[in-house]
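In: 3D, please:
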Amino acid sequence: MKVYGHIIDNQTRCKHYATDKDIIAIKFKCCNKYYPCYKCHNECESHTISVWKKEEFNELAILCGVCKTEQPINLYMDNGKCVNCNSKFNDGCKKHYHLYFEFKDIC
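Out: As a prediction, this is how the structure comes out:
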């Protein structure tokens, strides 16, 4: 799976987010490309981000940088870890959910 953006390692960390738990890439609905974060997307694309609608949360749109498993948005939001290898994801990503997903209850 190709991940676009300013990647700094093979686990999808980028120049903007590079902690031990920054190991996901998100498939952006607007361009159908995986990026590690919205900043990478905005630096590489000339269009605005389209958020995934609630009824689309079963789409495979999250890529684990450790094992390269795609998983649905709803499992990513519910679990906070990879459904395949159990690697923990960064809890701080919740602060940016509104940029990727139609989800009004989290800020």
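In: pretty sure K21 contacts K81?
Out: No: using C-beta atoms under 8 Å, K21 is not in contact with K81, being 9.5 Å away. Heads up, the C-betas are built off the backbone N, CA and C, glycines and all.
In: residues shared between the contacts of these two?
Out: Counting by C-beta atoms under 8 Å, 6 or more residues apart in numbering, the contacts common to K21 and K81 are 88-89.
In: quick one: low-confidence parts of the chain?
Out: For the chain, the stretches flagged by pLDDT under 70 are 104-107.
In: ok, which stretches of it are helices?
Out: 38-44, 73-79, 97-100 (DSSP state H).
In: shouldn't D22 be in contact with D9?
Out: No: the pair D22 / D9 is not scored as a contact, 9.7 Å apart, by C-beta under 8 Å.
In: out of those two, which sits in the more crowded spot?
Out: Shown here are D22 and D9; by other C-beta atoms under 10 Å, D22 has more neighbours (21 against 11).
In: what's the spacing between that one and S46?
Out: 25 Å (C-beta to C-beta, to the nearest Å).
In: again, but for I23
Out: 28 Å.
In: Show me which of the two is the more surrounded one.
Out: I23 (23 against 6).
In: residue contacts, that one?
Out: Applying C-beta under 8 Å, 6+ apart, the residues near I23 are 11-13, 64-66, 87, 89-90.
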